[in-house]
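Asks: test case, fold it:
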Amino acid sequence: MSFSETLSIALRSLTANKLRTLLTALGIIIGVAAVVALMAIGQGSQASITSTITANGANLLTVRSGASNAGGVRGGIGSSQTLTTEDAAALADPNNVPDASLISPEYNGNGQLVAGSQNTNAQIIGATPAYLAVHNASVASGDFFTSDDVSSMANVAVLGPNVAATLFPDSDALGQSVRINSQRFRVVGILASKGGTGFGSTDDGVIVPLGTAQRKLFGGRAVNGGSTLVSGIAVQAKDANSVEAALGEIQQTLRTRHNLPENGDGDDFSVINQQDILNSVVSTTQTLTLFLGAIAAISLVVGGIGIMNIMLVSVRERTREIGLRKALGARESDILTQFMLEALTISLVGALLGLALGILIALA
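Replies: The predicted model follows:
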């Protein structure tokens, strides 16, 4: 018998038993759909997390206060306030950190915002005009505050889009007045929506001039003697290739200013590399995606075993057909080829249906 005749007989056999063929292919359909859907979901999650982290730029370094060693135990990031505006000025000096392009000193705290009958709690960020460029942020409407506003400690605020929508659901927030911790501020700008970032979302925050936050809103905590404290200092390296050099320069400058050992054992600050966070997250999500794919692949093995069992049962049930074909001159190889073609057809059709189902699940 020719191959085309054998294929025709195999296809007629499958179409004559549609329900059995569908049930046989069901394992392959589910297995392929699970693998495709889980791999697509894993890749999509990785892309989403990566875009969120890189929203600030891969060449961003963040300096955070950290407790010095005490009794052999090192405090966590932000466990004490050790950074000042003088530290930020030192990092902005190109003689100290030549591989940095922009510096953004920041003071963060929480506050109660009230506008008319609306109120909400939000993160208050005291910053300078460099904040926009360092964090790759932009203003959707209005303007950002100026250096004069920072030096004069003006009561002006730039709202995140979510905060603006909460406080002014039926009107434009621009030019309106809000009370932050019982002090009146004028809204001069609305940030463009950016989504989450590595350290929170500015969509749900409010940015005010650094001096205003330090002296007026959080004066009891932000002023220590004659120094004004900052929660962190965001440093933008010149490019991705300058990140490691800038990190070393930052560490050396702060250790010199704080009279700390050069080996880093007594550091009272921490420098967070955005690229390190990104690499760690990518590695973790890739491992998780492969793990999910491996679990889903088990169903493919089960589906293959199911086809094997059904075909074995089919052979036992079709002994009369096989005997009749052999009586008409069919060889064992012809019969074997027919059953192999049936199994391959079921596998191929099941894989295509599973692929389509997996794509639909991933898109949904």
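Asks: so what are the sheet partners of the top strand by length along the chain and their directions?
Replies: Taking DSSP state E as the criterion, the chain has its longest strand at strand 100-115. Here strand 100-115 has these sheet partners by DSSP bridges: strand 118-127 (antiparallel), strand 177-180 (antiparallel), strand 232-237 (antiparallel).
Asks: quick one: the first one to chain centroid distance?
Replies: It stands for strand 118-127. 24 Å (CA atoms, centre = their mean, to the nearest Å).
Asks: what comes up buried for that strand?
Replies: Buried residues in strand 118-127, counted by 16 or more other CB atoms under 10 Å: 120, 122-127. C-beta coordinates here come from the backbone N, C-alpha and C atoms, glycine included.
Asks: what's in contact with it?
Replies: 104-113, 131, 160, 163, 166-169, 180-181, 200, 202, 204-214, 217-218, 222 (CB atoms under 8 Å, 6 or more residues apart in numbering).
Asks: mean confidence for that strand?
Replies: Strand 118-127 carries an average pLDDT of 93.
Asks: what does the last one give?
Replies: Per-residue pLDDT values across strand 232-237 average out to 92.
Asks: C-terminal to it, what's the next element?
Replies: Following strand 232-237 in sequence order, the next helix or strand is helix 243-257 (DSSP states H and E).
Asks: residues making contact with that next one?
Replies: With contacts defined as CB under 8 Å, 6+ apart, helix 243-257 is touched by 58-59, 61, 63, 86-87, 90-91, 96-100, 235, 237-238, 260-262, 264, 267, 269, 271, 273, 275.
Asks: got it, and stretch 352-364?
Replies: The contact list for stretch 352-364, computed with CB under 8 Å, 6+ apart, reads 25, 28-37, 40-41, 44.
Asks: out of the strands paired with strand 100-115, which is closest to residue 304?
Replies: If you check each of the strands paired with strand 100-115 against residue 304 by CB to CB, strand 232-237 wins as the nearest, at 52.0 Å.
Asks: now do the closest one: distance to the chain's middle.
Replies: Using CA atoms, centre = their mean, the offset of strand 232-237 from its chain centre is 20 Å.
Asks: what sits up against that strand?
Replies: 56-57, 59-65, 83, 87-88, 91, 97, 99-106, 108, 131, 133-135, 243, 245-246, 250.
Asks: now, of the residues you listed, which are buried?
Replies: Buried members of those, scored by 16+ other CB under 10 Å, are 56-57, 59-65, 83, 87-88, 91, 97, 99-106, 108, 131, 134-135, 243, 246, 250.
Asks: who's in contact with residue 87?
Replies: 63, 230, 233, 254, 257.
Asks: that one sits in which helix or strand?
Replies: Using DSSP H and E, residue 87 falls in helix 85-92.
Asks: give me the angle between that helix and strand 100-115.
Replies: For helix 85-92 against strand 100-115, the angle by axes from the mean of the first three to the mean of the last three CA atoms, to 10 degrees is 140 degrees.
Asks: can I get helix 85-92 in CSV, CA atoms only?
Replies: Provided in CSV are the C-alpha atoms of helix 85-92 (Å, rounded to 0.1, in the frame of the first residue of the first chain):
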residue,chain,number,x,y,z
THR,A,85,21.7,68.5,52.5
GLU,A,86,25.4,69.1,52.8
ASP,A,87,26.1,65.5,51.8
ALA,A,88,23.9,66.1,48.7
ALA,A,89,25.9,69.2,47.9
ALA,A,90,29.1,67.3,48.2
LEU,A,91,27.9,64.6,45.9
ALA,A,92,26.8,67.3,43.4
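Asks: hmm, back to that, out of the contacts of residue 87, which end up buried?
Replies: 63, 230, 233, 254.
Asks: relative to residue 125, how far out is the last one?
Replies: When CB to CB, to the nearest Å is the yardstick, residue 254 and residue 125 sit 22 Å from each other.
Asks: domain assignment for this structure?
Replies: 3-49+280-363, 81-267 (the TED database).
Asks: deepest of the ones you listed, which one?
Replies: domain 81-267 (a mean of 18; mean count of other CB atoms under 10 Å).
Asks: ends of it, how far apart?
Replies: 13 Å (CA to CA, to the nearest Å).
Asks: repeat for stretch 91-102
Replies: Taking CA to CA, the first and last residues of stretch 91-102 lie 9 Å apart.
Asks: name the nearest residue to residue 296, sequence neighbours excluded.
Replies: residue 34 (3.8 Å; CB to CB, 6 or more residues apart in numbering).
Asks: please state the backbone phi and psi of that neighbour?
Replies: Phi and psi for residue 34, reported as degrees, to the nearest 10, are phi -70, psi -40.
Asks: give me the pLDDT value at it.
Replies: Confidence score, pLDDT, at residue 34: 84.
Asks: distance check, it against residue 344.
Replies: For residue 34 relative to residue 344 (CB to CB), the value is 21 Å.
Asks: ok, now residue 245?
Replies: On the measure of CB to CB, residue 245 and residue 344 end up 59 Å apart.
Asks: grab the nearest non-local neighbour of the spatially most central residue of the chain.
Replies: Centroid check for the chain by CA atoms, centre = their mean gives residue 49 as the closest residue, at 1.3 Å. Nearest residue to residue 49, sequence neighbours excluded (CB to CB, 6+ apart): residue 281, at 5.5 Å.
Asks: on the three-state scheme, the one you found is what?
Replies: Secondary structure, DSSP: H, G, I helix; E, B strand; the rest coil: residue 281 is helix.
Asks: and the helices in the stretch 1-150 of the chain?
Replies: For the stretch 1-150 of the chain, applying DSSP state H, counting those that start in this stretch gives helices covering 3-16, 18-53, 85-92, 130-134, 147-151.
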